[in-house]
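Q: Quick one: sequence and predicted model below, then my questions.
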Amino acid sequence: MDLFKVKFEIFHGILVEEESKRLMSTKINAESCERGASELEIQHLCLKESFSSLMRKSMADGKFWYHELIRESFDFDDEFLWKQIAESSTLSSSDVEIPQVELDSFVASKMAELREYEGAYEAMMAEAERAEAGTVKETNQE
């Protein structure tokens with residue numbers, strides 16, 4: 001985790017630097033702002049809503065790890081990723097209570113969906129076997 005934090009800080013620092021350079025090179029016309037804000041206020045607002053500030057915020061509140069889970073779920077170290085998610089989570093599984101009736105209903109609906117899927121899969125495989133047998137039969141007749 002320490003190595004990740006070091007690399008994150010380096011990346012974030014460079015990102016902030018580049019955003020600042022871009023913001024300074026872009027002329028902001030304070031008169032065109034509907035609120036009549038000063039150029040300094042607009043620059044502050046742009047930096048506040050910048051990618052780097054959103055990235056920093058997502059690291060602080062733990063959302064970053066959920067994004068990583070979605071993006072890198074197959075290429076990420078499971079122990080590391082889940083540990084970060086657990087540490088950033090404000091809820092534990094014991095904080096959430098699901099009534100047994102709802103749980104039983106959910107399980108029953110999922111089992112029904114599974115049976116439906118298995119039936120459709122078996123029918124599809126049987127059709128594929130019949131089609132393959134027909135292709136083999138036609139090839140043998142030629």
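A: Arrived safely. Numbers count the residues shown, from 1 in each chain.

Q: okay, now W65: neighbour count?
A: Residue crowding around W65 was assessed by other C-beta atoms under 10 Å; the count is 22. In this view, the C-beta of every residue, glycine as well, is placed from N, C-alpha and C.

Q: Give me the longest helix you can find in this protein.
A: For the chain, the helix that runs over the most residues, judged by DSSP state H, is helix 100-141.

Q: Average pLDDT for it, rounded please.
A: For helix 100-141, mean pLDDT rounds to 88.

Q: quick one: K57 from V6, how far?
A: K57 is 20 Å from V6, where distance means C-beta to C-beta, to the nearest Å.

Q: Same question for V16.
A: Applying C-beta to C-beta, the value for V16 to V6 is 16 Å.

Q: Those two - which one has more neighbours?
A: Neighbours per residue, other C-beta under 10 Å: of V16 and V6, the larger number sits with V16, 17 against 10.

Q: May I ask you to confirm that Q84 is in contact with G62?
A: Yes: applying C-beta atoms under 8 Å, one finds Q84 in contact with G62, separated by 7.4 Å.

Q: okay, now the domains of the chain?
A: 2-94, 97-141 (automatic domain parsing).

Q: Quickly list what's touching both of Q84 and G62.
A: Residues within reach of Q84 and of G62 at once, by C-beta atoms under 8 Å, 6 or more residues apart in numbering: there are none.
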